[in-house]
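**Student:** Sequence and predicted model, in that order:
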Amino acid sequence: MTEEAKKSLWIAVSVPPLVWGAQGTLGWFVASHACPGTSQPWSLATARWIVALGTIAALAVSVAALNVALRRYRDEQAEKIHYLSMIGLLVGATLTLGLVFAGLPALMIGACGEMR
């Protein structure tokens, strides 16, 4: 396995938690600005779109990382790489599902503060 392939696998393992955290932070930031009590409140439609776009971007990154882990799992014969690939698959699948569930409130926001 080349050094570049190892780096891509480590990125596939470490990036999904980062984008999951970033998407959650974005959701909290948007929710805090979508309420009328803030200095410059955003509309509910704006909040929905920002959370939805952030979720789509995070899902794209997470699914790409999951794809890298799956390819490495299928291609490599080394036990260490198989083990790391399985961790990448577990992390990627779990956090991709977490991103979907975290982004669902953007479709169902009915009032201020419900996005949290």
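**Tutor:** That came through fine. Residues are numbered from 1 along each chain as shown.
**Student:** all helices for the protein, in order.
**Tutor:** For the chain, the helices defined by DSSP state H cover 3-33, 44-75, 79-103, 105-108.
**Student:** lowest confidence element among the helices and strands of the chain?
**Tutor:** helix 105-108 (a mean of 73; mean pLDDT, DSSP states H and E).
**Student:** which residues does the residue nearest to Ala22 when sequence neighbours are not counted contact?
**Tutor:** Distance criterion C-beta to C-beta, 6 or more residues apart in numbering; nearest residue to Ala22, sequence neighbours excluded, is Ala58 at 6.7 Å. Bear in mind the C-beta positions are built from the backbone N, C-alpha and C, glycine included. Residues near Ala58 by C-beta atoms under 8 Å, 6 or more residues apart in numbering: 19-20, 22-23, 99, 103.
**Student:** Any buried residues in the least confident helix or strand of the chain, and which?
**Tutor:** For helix 105-108, a neighbour-count test (16 or more other C-beta atoms under 10 Å) marks 105-106 as buried.
**Student:** quick thing: my sequence starts at 52, can you match it?
**Tutor:** Noted, 52 is the first residue going forward, which turns the last one into helix 156-159.
**Student:** Can you give me the distance of Ala56 to Ala120?
**Tutor:** 12 Å (C-beta to C-beta, to the nearest Å).
**Student:** Next, give phi and psi for Trp93.
**Tutor:** phi -90, psi 160 (degrees, to the nearest 10).
**Student:** Now do it: how many residues are near it, please.
**Tutor:** 17 (other C-beta atoms under 10 Å).
**Student:** you'd agree it is up against Ala85?
**Tutor:** Yes - with contacts counted by C-beta atoms under 8 Å, Trp93 reaches Ala85, the gap being 5.0 Å.
**Student:** which of Ala56 and Ala120 has more neighbours?
**Tutor:** Per other C-beta under 10 Å, whichever of Ala56 and Ala120 has more neighbours is Ala120, with 25 against 15.
**Student:** Ignoring the adjacent residues along the chain, who's closest to the more buried one?
**Tutor:** In space, Ala120 is closest to Gly139, 3.0 Å off (C-beta to C-beta, 6+ apart).
**Student:** Neighbours of that neighbour, how many?
**Tutor:** Gly139, neighbours per other C-beta under 10 Å, totals 26.
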